[in-house]
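Trainee: Sequence first, predicted coordinates after that:
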Amino acid sequence: MNKKEKPEAENRPDNTAFTQQRLPAWQPMLSAGIVIPLFLIIGLIFIGIGVALFVTSRDLQVLEMDYTGMEQNSPCFSCSDPDQKNCKCTLDFNLDKLFEGPVFFYYALTNYFQNQRSYGVSKDDYQLSGDLDNFKDPDSTCSPYRYDSNNNPIVPCGSLANSMFNDTFKLYQLVAGTKKEVPLDGKGIAWWTDYNIKYRNPSVTPLKNAFNGTVKPLFWPRPAYELDPTDPANNGFINQDFLVWMRRAALPNFRKLYRRITEGDYSTGLPEGNYSLEISYNYPVLNFDGRKKVVFTNVSWMGGKNEFLGIAYLVIGSLCIVMSVVMLIVYAKFKFPEED
Amino acid sequence: MLRRRLNRLLGGDERRVDSRTVYVGHRSSPDSEGFIPPKFCDNRIVSSKYTVWNFLPKNLFEQFRRIANFYFLIIFLVQVIVDTPTSPVTSGLPLFFVITVTAIKQGYEDWLRHKADNEVNKYLVTVLEDGQRIRKESEKIKQVGDVVEVEEDETFPCDLILLQSSRDDDTCFVTTASLDGESNHKTHYTVPDTEKDLESLSATIECEQPQPDLYFVGRMHIYKNNQEPIVSLGPENLLLKGATLKNTQKICVAVYTGMETKMALNYQGKSQKRSVVESINAFLLVYLCILVSKALVCTTLKYVWQGKPGQDEPWYNEKTQREKDTNLYLKMFTDFLSFMVLFNFIIPVSMYVTVEMQKFLGSFFITWDKDFFDNEIKEGALVNTSDLNEELGQVEYVFTDKTGTLTQNNMEFIECCIDGFQYKHRDASSELDGFCVTDGPVSKLQQKAGREKEELFLRALCLCHTVQVKESTEPCLDQVDGLNNQVDGLGIDGDGLGIDGALSHLEEQRGFIASSPDEIALVKGAMYGFTFLGLESKTMKILNRNNDVEYELLHVLNFDPVRRRMSVIVRSSSDTLLFCKGADSSIFPRVRQEEVERIRLHVERNATLQEGYRTLCVAYKLLSAGEYAQADAGLREARLALQDREEKLMAVYNQVETGMSLIGATAVEDLQEEAAETMEALQGAGMKVWVLTGDKMETAKSTCYACRLFQKSTELLELTVRTLDDENRRREEKLHDLLLDYHKKAVQDAPPVKEGVTSWSSSQDYGFIVDGASLSMILNSSSDSSNSRYKNLFLQICQNCTAVLCCRMAPLQKAQIVKMVKNSKGSPITLSIGDGANDVSMILEAHVGIIKGKEGRQAVRNSDYAIPKLKHLKKLLLAHGHLYYVRIAHLVQYFFYKNLCFILPQFLYQFFCGYSQQPLYDAAYLTMYNICFTSMPILAYSLLEQHICIEVLLDNATLYEIAKNAMLRWRPFLYWTVLGLFHGLLFFFGVWYLFYNPALQDNGQVFGNWSYGTIVFTVLVFTVTLKLALDTRHWTWINHFVIWGSLAFYVFFSFFWGGIIPFLSQQRLYFVFANMLSSVSAWLVIILLILLSLLPEILLVVFRKPRGPHSRQ
C-alpha cells in the first residue's frame, strides 16, 4: 500500500446539483386538463383572427387585366408581334363603383423565372453600390452581360438588370369624352433600404460622367442615368422601377409594384367611370409562354388581398375547437384516467 | 505495433531460433568471443496511439476513414471544384468543426493514455550496474539482461527472473492483484544454485521469444569456474510485470521488457467497440438514398422541363458561351452534383459532432456521480470509452465473474456450528465469550455445546492453517496489543467487526498473510477465544485468553484442490493432535458418521438455501504416539520420494486423515456489498445474469444462492462432469441425452413467453449449471453438425433460464461464451463485469466491459468502465445507462427529423425555380442552422433529459427494459421521418400560398425570394426548437437558457446579418428579416405554421398518455 494517500477532496466528486444531475427541474405534463382549454383558447383566438383576416381580405378590391395580346380581339394583339417596335395599345375598362384608395398599380408576369439561380447571381453588387472599379471591370458572374461585343463594360451588368421590365403605362379617366390623366406616384414603391442604403450611385456629378467608357445594358432603350428624365433623384441605380425589378420574385408567377395612385382627385380612390390604360408595349414574353398583366388593388393592414390566411386561420381554429370537444368527450368517457 | 513489426523484420533470425539468449548483467559468457549484445526492445510501455508529431496526419487519416467524414470531404471538394449553388464554406465550416472537435477529444483521450503510460514508464526502479545501485525510471531499463533490485511493495517493472531473495528460504511473495485481482500471495522461488555474489555471476538465460501465454520455460547456464551447470527455469521463477512484491527484497534479471512483457502482450489489441447507435448507419443509408433520388429527380426534371420550347434559355437569361459549349452529359453530371451539394444538408454533418460531444460530456456525469465514490479506495467511477454510454441502457446479458466480483475475496467470519449448536457473533442475545447462541440445532432446545468442545473448535481454527504473521516493521508487542484490543472489542460489541470493517480490514492486511483470504477470516474468527501470534521456527504461538500456549508444528498436510482439505499435526505439551478442515463433501466421509447428521443440517442450510455462506468443516483426531510415528515416517518417506511424489504424498495424507471426529463447521461471508440486491435489480430489469467463474461448482453455486440468482424454487439443470459421468455410457451420449432432456424441460414445456412480458415472472424458474469440461464438449464436439446443434440447444436452454452458472471456466472459455451469446439470434447486447486479468478476455469480447475495483491498473485500462463496487452496477445500468440510451436515441432521431424538414422546402423550391439549384435559404442560414440555431438545445437535452427521474428508475427496475433497441428501430425512425416530411411540406406550401400575392406589407411593396426563404426558415427554426421543447420532460435552467437562448440568438443573428451593421449592407439578406417582421401577414403565417406543426404533436401526446404503461410521476 505504498500508493500515496491522496487528500479526500481531490478525488471525491463535487456534490453539486449539476454534477449529480439533480438540478431543480420543471416537469411539465401535457394533461387533458391543460390541453383541452389550450386548444379551446387557441381555437377561439384563431377564429377571431381568421374572421378579421377574411373580412379584410374580402373587402379588398382587385382588378386584374391581361394585356399580353394573345387573342385576336385583344387590343394589344398587334403589339404582340415581336417585330413591332415602340408599339402602343390601349386597354379600356370600366369601374362600376368607387375603387377605394390608395390604389396600388402592379404589373404581373407569369411563367417568368426570376428565381433561377444563374439569373439571380448575374449582377455585381459592388457595381450597384457605386464602386467605380467595378464599372470598369464588372464581376464575372455578370456574363454574358458583362462586356458588349466591343469589349466595353456594361453598367449595370448582368442578366437581371438587362432584362428590366420596360413597359410603361399611362392611366386616363374618361370624363365626358375627354381623357383626364390619373397621376401615378412612382415614389416609395421600392424598399426604403434598397433606395437609401443598399443601392448607391457613384458620387460623381453629374452622374453621366461616372458612366463614361461604359455601355448601357443591351436590352435597355436608355442608359441608367437617364431612366427618369423627370426626377434626377430617381436615376442611376436608385431608380425605383429598377430597384423593384432587382428584388427578385420568389415564384415564377409574380407581381411587382408599378405605381401608387395617391394624388389629386384620386387620393381617395378611383371613382366609378370609364378608364383607359395606355400601354407602351415593349417587353417580350410570348417566346417563353409568359403573360403580362396589370393589377389595380388596394391594400390593408395585412397587405394585399390574400384569401389563404383568413381561411387557414378559420379552418385551424375550428379544428382546434373540434379537437377539444373530442378530447372532452374521450376524457369524460374514460373519466380522466391520468388525473388519478 | 509498428515497432513490433519492425522488430519482427529486423529480428528475423531471432524468430527462426525461437528462443532468446539473455546475458545476465550483460557479462558475456567466457566462451563466446566477440560478444554482441542482442537487440531487444526497451522497457517503454506504449499504449498511446499518437505522438505530438504524428498526431495531425494520423488522426486526420483515421477520421477520414470514417465513411461519413469521407462523404463530407467529397461534398466539400465538389463544392470547391464545381460551380455549385452554395459556397464551399457552408459545408467546409461544419466539417472543419467536426474534425476539430473529434481531434480534440481523441487527443485528450490519448493524452490520458500517455499519462497512464508515463506513470508506468517513470516508475523508479533500482538497477544494479557495475556493482552500483542506481535509481532509474522504469523506461530507462535499456535492455534485457539488466539486473534489477526490487523492494517490498514495489511493482515489477518488467518480466523478471528471480535470482536472489532476502528471505532465507529463497522464496518471495508476490501479489498479482493488479493483474488478476487476486490479492492473495503467491510464492515464487529463486533460481537454485546461483551464487550469492551477483558481482561475479556470469550466466546466460535461454528462453522462448515473448509470448502472450503465461507459461514459461527456460534454461540458465551459469559459468562458474569451469563448470557449466544448467538450471531449468519454470513459471515459478518468473515474476511478471505489474505484480507487486510483498514481504521480501530481492534481485532479479530482466528477460522480457517493454512491449514484450507477457502483460503487454496480453493486453494488446483492444479492438474498437462499436455502439448500437452505429445502427444509424442504416438510417444514414436511407437518407443517402433520399438524397440521391432527390438529386436524380431534380436533374431529370430539369432536362425534361428544359425540353419545352422557350424554357431552356429564355431571352432574359442567356447562357454564357462556356455553358453553351459544355457537353450535355457533362452538364447533366455537374447538375447532379450541384443538386447533391444543395441537398447534402439532409445528412447531418453536425450529428456526428453532437453525438461525439454528447458521449464525451455525458460520460462526465458518470465520473462525477458521488454515489460511485468509494470511501475505501477514495476513487469514483472511471470511464474509458465514452462511446458506449448508451449501450449501458440496452444490456440483455450480464456476465459476471464470481471471485472478487460477486464475492469480495475479503471474507468475514459470520457464524459457526459447534457440535450441532449454532453460534453467530453478530447477534447479541446471549453472550459467551463473545459468542452468542442464536438458535440451536433445529430439533434441540436452546443450549450450548460443552465448553470443552468450544475450545477445541477454536483451537483447531487457530492452528489449522498456513497463515503467517507478517514480520512487520512495528514492534511485535504493538501487534499483540492491537489484536488484544480487537478481541476485546469483539467481546464487548458483537458488531465490532462489521462496523469497523474498514479499520479492522487494515489491521488484517497488516497482520496476516495467507494464500487464501478465508484462512485469514477463520483465524480472525477464532480470536473470540484464541489469538494466533505467529509461527516461530516450527512453533505456533497461541494466546489463549490470557496465557500463551505453544504448539509444535509437526506437519502441514497442504491444501490441494483434489482433496479439498488441509490438516496440521501439532504437538502440545500433552498430546499430539491432527486438525483438519475442508469442504463438507471431503470431510464427512472421513469422520465418524454419527456426528455428521447434526452438522450437516447447518452446513446445507448455510451453503445453499438460505445464506450462501462459504462453509468449511473442522475435524480433529487425537494421535497416539504410535500412530504419529507411523504417519511421520510415511510423510517423510513420501516427501523424499523422487518419483511419483505427489501420488505417494496423497496416499499418506488420505491414510492419516481418517477416523476423525467432527467438531463443527464455520460459515464465512464473502459477498460484495449489496450483491444480492444488485443482482435482483438486474434480473428485475429483464437482464439475464450469467456467472462465469473459474471456481468449483459448489462454492459458485452457493454464491449464486446467496446472490439470489438461484431461488429456493429454482429448478437446477446441471450439466457437469459429475452428471455426465455415467459408467454405462460414453460422455457424448449422455451429453446428448441431457441436453435434449433439459431442452424439453426449459424450452419446449415452458409456456410461450409473450412479447413484452418479462420471462422471469413465468411459473417455473430454471437455473442452469455447466462446467468448463462439459462446455468444451458442447463447443468443440467432434462432428460439425452435432456441434452447431448442441450449441443451439445449449443456447436455447440458457436463454430460457433465469440464471446460468458456468464454473471451472478458463479465461478463454469465458470469452467464448460471451461471443456465443453475442452472436446469437437478435444479437443481444452483452455486458461483462470482472475484476482482473482473467476477466479481460471476456471484458474485451462483450459489448461493454466493466471492471470492478481499481486494483488492476492494466485491466482497468482494457475495460470500458470501472466502478469501485459491484453495487454501483445497478445505478450505472438502471439510471445512467437507461437515460443515456433514451437521450441518444432521441438525439439521433431528432437530428434526422430536423434536417429533413430543413432541406425538404429547398427541394420543393426547385420545382418553382426551373430546377436551377437556387437555394431557398441564404448561405449563412444554411451553415448556421445545424451549428448554431438548433444544435445547443438538443445537446442540452441529450445531456440533461430525465424523462423519468433517477430515483424512480432505481426503484422500478422494470422501467429499464426497452426491448431490443426499440427507440432506434424502423418504426420510430419512420415516425420521425414522416413528421419531418409533414413539417417540411407544411412550411413550404404554407408560405407558398401566402406568396400567391407577394404584396405582404401595408405599403403595398412586394417581397422577393429571400423573404420567402427567411419566412420558411424562421418557421423552421422555431418549430424544430419548440418540438424539442415539447419533448423535454425535465426543464432545468440550462434547458430554458439554451432553448430560449437559441431562438433569441436566431433573431439577433438575423438582425445582425440583415444589416444593422453597415458593412453588411451588400448582403443579399439586407433588411430582409426586419422587413419581414414589419409585415403582419408574415407574423400571422409564421404563428399559424408553427402551431399547425405542433398541434398534432400535442394531440398525440395527450391521446397516447392513457394507454401508456406507466405515468411518469
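Mentor: Okay, I see it.

Trainee: distance of residue B:522 from residue B:568?
Mentor: With distances taken as Cβ to Cβ, to the nearest Å, residue B:522 is found 13 Å from residue B:568. C-beta here means a position set from N, CA and C on the backbone, and glycine is covered the same way.

Trainee: list the residues that contact both of these two?
Mentor: Common contacts of residue B:522 and residue B:568 (Cβ atoms under 8 Å, 6 or more residues apart in numbering or on different chains): residue B:465.

Trainee: Neighbour count: those two, which is higher?
Mentor: Ranked by neighbour count (other Cβ atoms under 10 Å in any protein chain shown), residue B:522 and residue B:568 place residue B:522 first, with 26 against 22.

Trainee: Chain neighbours aside, what residue packs nearest to residue 281?
Mentor: With no chain named, the answer covers chain A. residue A:79 (3.7 Å; Cβ to Cβ, 6 or more residues apart in numbering or on different chains).

Trainee: nope, chain B
Mentor: Counting by Cβ to Cβ, 6+ apart, the nearest residue to residue B:281 once its immediate chain neighbours are dropped is residue B:67, at 7.8 Å.

Trainee: buried stuff in stretch B:921-940?
Mentor: Of all the residues in stretch B:921-940, those buried under the rule 16 or more other Cβ atoms under 10 Å in any protein chain shown are B:921-922, B:924-931, B:933-940.

Trainee: Restricted to helices, list those residues.
Mentor: Residues of the buried residues of stretch B:921-940 located in helices (DSSP state H): B:924, B:925, B:926, B:927, B:928, B:935, B:936, B:937, B:938, B:939, B:940.

Trainee: Hmm, residue B:88 and the fourth one touching each other?
Mentor: No - contact criterion Cβ atoms under 8 Å: residue B:927 and residue B:88 do not qualify, at 10.7 Å.

Trainee: Now for residue B:1077: which residues touch it?
Mentor: By Cβ under 8 Å, 6+ apart, the contact list for residue B:1077 reads residue B:1083.

Trainee: Report the separation between it and residue B:1085.
Mentor: From residue B:1077 across to residue B:1085, the span is 12 Å (Cβ to Cβ).

Trainee: ok, now residue A:241?
Mentor: Residue A:241 sits 28 Å away from residue B:1085, going by Cβ to Cβ.

Trainee: Neighbour count: those two, which is higher?
Mentor: Neighbours of residue A:241 and residue B:1085, each counted by other Cβ under 10 Å, are more numerous for residue B:1085; the result is 26 against 21.

Trainee: Going by neighbour count, list what's buried in whatever helix or strand the more buried one lives in.
Mentor: Using DSSP states H and E, residue B:1085 falls within helix B:1080-1104. Residues of helix B:1080-1104 classed as buried by neighbour count (16+ other Cβ under 10 Å): B:1080-1082, B:1084-1095, B:1097-1099, B:1101-1103.

Trainee: Please compute how far that helix lies from its chain's middle.
Mentor: What separates the centre of helix B:1080-1104 from the centre of its chain is 46 Å, taken as Cα atoms, centre = their mean, to the nearest Å.

Trainee: Which secondary structure elements does it sit against?
Mentor: Using 3 or more Cβ pairs under 8 Å, 6 or more residues apart in numbering or on different chains; DSSP states H and E, the elements in contact with helix B:1080-1104 are helix A:32-59, helix A:307-333, helix B:970-994, helix B:1009-1031.
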